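Undergrad: Predicted model and sequence below, questions to follow.
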Amino acid sequence: MAQDGTHASGSTQVTLYTIGYRGRKAVDLAKLLPAGTLVVDVRLNPYSPNPEWSTDIGRHLAAVGLDYRAERGLGNLDYKTGGIRIADPARVAAIVDELDERDVALLCACSASADCHRLEVARLVTAARPGTKILHIELPTRRAVLASEREQREQL
């Protein structure tokens, strides 16, 4: 934090974002997140068949102005069964520490936060750091896109 009380983002309050990469490219994150945001990969195994979201993820995000770190301890041990059990909930302290300095985005493959363990990680963060502003970035559903198109037509 700067001496004037602002963070790297230029704001006096940082934000914890949650975002899924399914259906997105790294450049999409740059359009949705402030420059300098730390993207924390909360997958238990940060691997994807898509190289952009696998071994090269840090390089791809750095190229669009975002920082990257994997936190396997915040991964979901029960992802194969559909349950949610965070591997090492104490690792939330690392997120809380980062939020003292800058915006943080919790990244997972799941497109909807409601179906993803990153929502539980966000809850753990807010329990440890009350008052944290959270923004869940979701892909628009087909229903939302159609409703938006209908509203635009009605305005014509």
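TA: Arrived safely, thanks for sending.

Undergrad: pull the helix or strand with minimum mean pLDDT from the chain.
TA: Using mean pLDDT, DSSP states H and E, the weakest-scoring helix or strand in the chain turns out to be helix 142-155, at a mean of 51.

Undergrad: contacting residues around L44?
TA: Shown in contact with L44 (Cβ atoms under 8 Å, 6 or more residues apart in numbering): R72, G75, N76, L77, Y79, A87. Just so you know, the C-beta spots here come from the backbone N, C-alpha and C atoms, and that holds for glycine as well.

Undergrad: can you check G83 too?
TA: With contact taken as Cβ under 8 Å, 6+ apart, G83 is in contact with N76.

Undergrad: Point me to the helix or strand that includes it.
TA: Assignment of secondary structure by DSSP states H and E places G83 within no helix or strand.

Undergrad: Kindly provide the distance from it to I134.
TA: According to Cβ to Cβ, to the nearest Å, G83 stands 22 Å off from I134.

Undergrad: Not counting sequence-adjacent ones, nearest residue to Y21?
TA: With sequence-adjacent residues excluded and distances taken as Cβ to Cβ, 6 or more residues apart in numbering, Y21 is closest to W53, at 5.2 Å.

Undergrad: For burial, what's the neighbour tally of the one you found?
TA: W53 has 22 neighbours, counted by other Cβ atoms under 10 Å.

Undergrad: From here on, call the first residue 512.
TA: All right, first residue 512 from here; so that's W564.

Undergrad: where does it land on pLDDT?
TA: On pLDDT, W564 comes in at 78.

Undergrad: Isn't A598 up against L588?
TA: Yes: counting by Cβ atoms under 8 Å, A598 touches L588, with 5.3 Å between them.

Undergrad: between the two, which one's more packed in?
TA: Taking neighbours as other Cβ under 10 Å, A598 and L588 compare with A598 leading, 17 against 14.

Undergrad: Quick check on D608: phi, psi?
TA: For D608, the backbone dihedrals are phi -60, psi -40 (criterion: degrees, to the nearest 10).

Undergrad: for H571, that is, sorry about that
TA: Dihedral pair for H571: phi -60, psi -40, per degrees, to the nearest 10.

Undergrad: Name all residues that make contact with it.
TA: Neighbouring residues of H571 by Cβ under 8 Å, 6+ apart: A537, E563.

Undergrad: hmm, 10 Å instead?
TA: By Cβ atoms under 10 Å, 6 or more residues apart in numbering, the residues touching H571 are K536, A537, V538, L540, A541, P562, E563, W564, S565, L577, Y579.
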